[in-house]
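Enquirer: Coordinates for the following, if possible.
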Amino acid sequence: MEHRKYLIGGLLVLSLAFFCANAAAQVIVTPDDTQGWFARASNTGTVELSAEQVRGAGTGSLKMSTDGSDGQVVKAARIPLITIDSITSISWDLYVDSSGSAATYPRPQLEYYSLSQNRSGTLVYDISNLSPGTDSWQSVSVDLNSDLFWSTEFGPGDTRTLAAWQTDLSGVLMNYFQLGMGSTSGPVPEVISYIDLVELNGTTWDFEGEAPLAPEPTATSVPTLSQWALIAMVGLLALFGFASLRNRSS
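Expert: Predicted structure coming up:
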């Protein structure tokens, strides 16, 4: 019975830590601490922290640009460790420079994967949802029940609301939460844009400073879900072992 008390206590501690880590907050992203954000760019596209356009009282934002070459993709991403159906809100602030094209802009792309359900793809925020102006900041929020997304699993012709995709992809893990633009093939418009105050489920990331955003980490440097589970299990075993030693000494 005493061991069970310690085991339950350990689970409560882990649950509280998880809740605190995912509670609503504003997090500062800097060159020295990117808070898990990294760049996924191909060809000559750039993703960098920049002071060229500042949102609010900050010192910078995240610049994303393409130069008109073929096959350019630029994305700012992080690994959220949540499922598609657990998304409750997405928003971001956007600035499109008039010196380039406003034909496209950084927008949410939710990459998902499930081995058990044999599902994989990326939900892309449909460009028809928004026609951004230029040379001014605007705040954009995803309406789960009206804004359209399409999935690379089925192609751009199948657009649905995020709420509808959440029903279809219930329990499917989101591998990457990212904002991006571009195409892996064909010409890409020359675009200079900035994003800031990116929000997912109540947590907002504020991009500050000046430096290229670090590239995507190698697979071995990011704990997988099974590794997180192993870490949690080791912690519980340590608590259980401590409780056993304490009982023996008493």
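Enquirer: Tell me where the chain has helices.
Expert: Assigned by DSSP state H, the chain shows helices spanning 2-22, 162-168, 225-249.
Enquirer: Nearest residue to the middle of this structure?
Expert: Here the mean C-alpha position of the chain is nearest to the C-alpha of residue 177 (C-alpha atoms, centre = their mean), at a distance of 2.6 Å.
Enquirer: Write down the beta-bridge partners of that one, one by one.
Expert: Residue 177 has the following beta-bridge partners by DSSP bridges: residue 78, residue 110.
Enquirer: how much space is there between it and residue 131?
Expert: 24 Å (C-beta to C-beta, to the nearest Å). (C-beta placed from N, C-alpha, C; glycine too.)
Enquirer: picking that back up, where among the helices of the chain is average confidence lowest?
Expert: Summarising mean pLDDT across the helices of the chain, the least confident stretch is helix 2-22, with a mean of 44.
Enquirer: per-domain residue ranges of this protein.
Expert: Structurally, the chain divides into domains by automatic domain parsing as follows: 1-24+221-250, 31-217.
Enquirer: and among those domains, the most buried is which?
Expert: domain 31-217 (a mean of 18; mean count of other C-beta atoms under 10 Å).
Enquirer: How far does that domain sit from its chain's centre?
Expert: Distance of domain 31-217 from its chain centroid, counting by C-alpha atoms, centre = their mean, to the nearest Å, is 8 Å.
Enquirer: Let me see the contact set for residue 94.
Expert: Contact partners of residue 94, counting by C-beta atoms under 8 Å, 6 or more residues apart in numbering, are 105, 106, 132, 137, 138, 139, 140, 193, 194, 195.
Enquirer: Please repeat the previous calculation with a cut-off of 10 Å.
Expert: Residue 94 makes contacts with 55, 61, 105-107, 130, 132-133, 136-140, 179, 193-198, as judged by C-beta atoms under 10 Å, 6 or more residues apart in numbering.
Enquirer: One more: residue 157?
Expert: Going by C-beta under 10 Å, 6+ apart, the list of residues near residue 157 reads residue 150.
Enquirer: Report pLDDT for it.
Expert: On pLDDT, residue 157 comes in at 91.
Enquirer: hey, what's residue 49 bridged with?
Expert: According to DSSP bridges, beta-bridge pairing links residue 49 with residue 62, residue 211.
Enquirer: For this protein, give me the ranges with low pLDDT.
Expert: Counting by pLDDT under 70, the chain has low-confidence residues at 1-24, 102, 219-250.
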